[in-house]
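> here is a sequence together with a model predicted from it:
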Amino acid sequence: MKLVILDRDGVINRDSEAYIKSLGEWHPYPDSIRAIARLHQKGWKVAIATNQSGIGRGYYTLDTLEAIHDRLIDLVEQAGGEISAIAYCPHRPEEACECRKPKPGMLLDIQKSLNFKVCDECWMVGDSLRDIQAGLAVGCRTALVETGNGIDSLDGLPQLAPEAWVCRDLASFVEQLLHNDHN
């Protein structure tokens, strides 16, 4: 199985320092939905692993998060794609849980839910070093997108993951991956 695990905020949709607290505040990047659909159409499974400490902070509810994810799933399906799994961490950083990235808990949960062991044909795509760290912890290949917090994360990437791809956005990652997949 070929699997791409995506961070959500800053990769699929615009991020906000004030958190994405409602469906009305959730705005996907112009090409991200189509990019996810292309992955699926080319035989890749797509999953999402997203830190959502706004729930633990009381900024929004689980119902709000589910509404956002339902909208994301609907848009991807309308574009001809599929999201195989979504994992989220509702905890605040100080709770020291095992699921919050950079820890690999969510990625392990995805692996278990898909009955699949992460391997060389698995990618973790994020906009922060904690996304890359979580991917490396389970053996994923990694890519950092320059959207969201990506530009601010570039300086630490060479020391952490010199083999990581750096891509302008999710659509350019998908383009590069599919090009390399056929070579």
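Arrived safely.
> which stretches in the chain count as helices?
Under the criterion DSSP state H, the chain contains helices at 32-41, 53-56, 62-78, 105-113, 129-137, 150-153, 157-160, 170-181.
> buried deepest among these, which one?
Per-stretch averages of neighbours, counted by mean count of other CB atoms under 10 Å, single out helix 129-137 among these, with a mean of 23. In short, each C-beta sits where N, CA and C put it, glycine included.
> circling back to that earlier point, TSV for the helices of the chain, including distance to Lys2 and mean pLDDT?
Below are the helices of the chain laid out as TSV (distance: least, CB to CB, whole Å; pLDDT from 0 to 100):
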stretch	distance to Lys2	mean pLDDT
helix 32-41	9	98
helix 53-56	30	97
helix 62-78	17	98
helix 105-113	14	94
helix 129-137	15	97
helix 150-153	23	95
helix 157-160	23	92
helix 170-181	8	95
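> between these, which one is nearest to Cys97?
Cys97 lies closest to helix 105-113 among these, at 7.1 Å (CB to CB).
> residues contacting the closest one, please?
Applying CB atoms under 8 Å, 6 or more residues apart in numbering, the contact partners of helix 105-113 are 3, 5, 47, 49-50, 85, 87-89, 97-99, 117-118, 124, 134-135, 137-138, 140.
> given the lengthiest strand in the chain, what are its sheet partners and their directions?
Longest strand in the chain, counting residues (DSSP state E): strand 44-51. Applying DSSP bridges, strand 44-51 is found paired with strand 2-6 (parallel), strand 85-89 (parallel).
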